[in-house]
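Peer 1: Here is my input, please return the structure:
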Amino acid sequence: SEMRVISQQSAATYEKQVELEKTVDQLEHEVKEWRNRYARTKTQLRSLRSASMGLSHEHDTAMLRDKGFLDETGLVKDVHVTKYQIAVDELLQVARRESPEKVTEAMKSVVFSVRRITKDVDVFQPREEDAIHQQAKLKARVSSTANNLITASKNFAAGAGLSPVSILDAAASHLTAAVVEMLRVAKIRTTPD
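Peer 2: Numbering: from 1, shown residues only. Okay, here's the model as predicted:
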């Protein structure tokens, strides 16, 4: 009789666990969807930020175009650039506020964002020898600096936050410089609303 009661309690607990796991999966899917919506909206409303500084959207776009980043035939989608910016900001915020082991998850978002950008660039295969060499050099630099960020993040998490945050900042800075250089060559393509 006691075994039967224990067995029934175990079955009820297992069913509740399965239900909770389904809820967690659903919530994780919703978080991912909302993050994508946020990135798309932030990309589309980027002009609001510049407008609050007294610059018009046309001026902001013209400035990026003059600096050599925007092109209608650009290889990298602007949404991917925004997702990268969000991921790096989140990584640096997590390193300063949350528990050190959460840095690894935030670092993965940065790596996925970098992969999106490099995949956009990989679609284009240049024909000239110089362009092929330049593209390979830029990809190697992005890869190297991404590996440095991964190492810095893992060391920060493994050391329970004893490693200085400035090392993580420096790794993120070097990666961003490499990504910006790649964007200068590959160009950013604005996506329609």
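
Peer 1: Please make it C-alpha for all contacts and neighbour counts, starting now.
Peer 2: Will do.

Peer 1: Helices of this structure, start to end?
Peer 2: With DSSP state H applied, the chain shows helices at 2-44, 46-52, 57-66, 78-97, 102-122, 129-158, 165-186, listed in chain order.

Peer 1: Okay, now the unreliable bits of the protein?
Peer 2: Counting by pLDDT under 70, the chain contains low-confidence residues at 43-68, 193.

Peer 1: run the last query once more with 80
Peer 2: 36-69, 71, 98, 125-127, 191-193 (pLDDT under 80).

Peer 1: rewinding a little: reformat the helices of the chain as JSON lines; add distance to Pro192.
Peer 2: As requested, these are arranged in JSON lines below (distance: least, Cα to Cα, whole Å):
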{"stretch": "helix 2-44", "distance to Pro192": "9"}
{"stretch": "helix 46-52", "distance to Pro192": "13"}
{"stretch": "helix 57-66", "distance to Pro192": "14"}
{"stretch": "helix 78-97", "distance to Pro192": "10"}
{"stretch": "helix 102-122", "distance to Pro192": "17"}
{"stretch": "helix 129-158", "distance to Pro192": "27"}
{"stretch": "helix 165-186", "distance to Pro192": "19"}
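
Peer 1: To Glu72, which of those helices lies closest?
Peer 2: Taking Cα to Cα as the criterion, Glu72 comes closest to helix 57-66 out of these, the separation being 9.9 Å.

Peer 1: picking that back up, please produce CSV containing the helices of the chain, extended by mean neighbour count.
Peer 2: As requested, the helices of the chain are arranged in CSV below (neighbours: other Cα atoms under 10 Å):
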stretch, mean neighbour count
helix 2-44, 13
helix 46-52, 14
helix 57-66, 14
helix 78-97, 19
helix 102-122, 19
helix 129-158, 18
helix 165-186, 19
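
Peer 1: What residues does the closest residue to Glu181 other than its chain neighbours make contact with?
Peer 2: When the adjacent residues along the chain are set aside, Glu181 lies closest to Leu138, with 7.5 Å between them (Cα to Cα, 6 or more residues apart in numbering). Residues in contact with Leu138 (Cα atoms under 8 Å, 6 or more residues apart in numbering) are Ala178, Glu181, Met182.

Peer 1: Tell me how far the nearest residue to Ile150 once chain neighbours are set aside lies from Lys154.
Peer 2: Excluding the flanking residues, the one nearest Ile150 by Cα to Cα, 6+ apart is Met107, at 6.8 Å. In this structure, Met107 and Lys154 are 9 Å apart, going by Cα to Cα, to the nearest Å.

Peer 1: same question, Arg96
Peer 2: From Arg96 over to Lys154 the distance is 15 Å, taken as Cα to Cα.

Peer 1: With Lys137 instead?
Peer 2: 26 Å.

Peer 1: Need the phi and psi values for Glu128.
Peer 2: Dihedral angles phi and psi of Glu128 (degrees, to the nearest 10) take the values phi -80, psi 150.

Peer 1: Neighbours of it, how many?
Peer 2: The burial count assigned to Glu128 is 8, neighbours taken as other Cα atoms under 10 Å.
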